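> Starting from these lines, generate the structure:
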Amino acid sequence: MAKSTKKLKLPLVYAPAGFVLSWAGGALGALVFRRTWMALRGEQDAPDALDRDRGWGEVLLAAAVQGAVFAVVRSAVDRTGATAIERSTGVWPATRKGGRE
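Numbers count the residues shown, from 1 in each chain. So this is what the prediction gives:
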């Protein structure tokens, strides 16, 4: 009986930790993207979609690289957090199988 109660309450306990991990993952993703863009193009700032002086190719390349970097960093941070929760509690923090909403 205690184990089922533990499984029900764990997602609520994980929510604040998940929020902090998401915030940290976003900050880390931004840092990784800036360094990746610097390595790819040698520029400090990536083009913005509303930057009149940049072409479609540059804008779309920056968006694709940024999306890929953020997806990888977010997945790595989420997986690390879930694994740490499982190691400390013995229960995986997700209540259902499947992807993100």
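
> Of all residues in the protein, which one is nearest the centre?
Nearest residue to the geometric centre of the chain (C-alpha atoms, centre = their mean): Arg74, 1.7 Å.

> Just give the nearest non-adjacent residue to that one, would you?
Nearest non-adjacent residue to Arg74, counting by C-beta to C-beta, 6 or more residues apart in numbering: Gly25, 5.1 Å away. Quick note: C-beta positions are derived from backbone N, CA and C, even for glycine.

> Helix or strand for the one you found, just tell me which one.
Following DSSP states H and E, the helix or strand that holds Gly25 is helix 2-41.

> buried ones in the one helix or strand Ala71 maps to?
Assessed by DSSP H and E, Ala71 sits inside helix 56-89. The neighbour-count check on helix 56-89 (16 or more other C-beta atoms under 10 Å) flags 59, 61-62, 65-66, 69-70, 73-74, 77-78, 81-82, 85 as buried.
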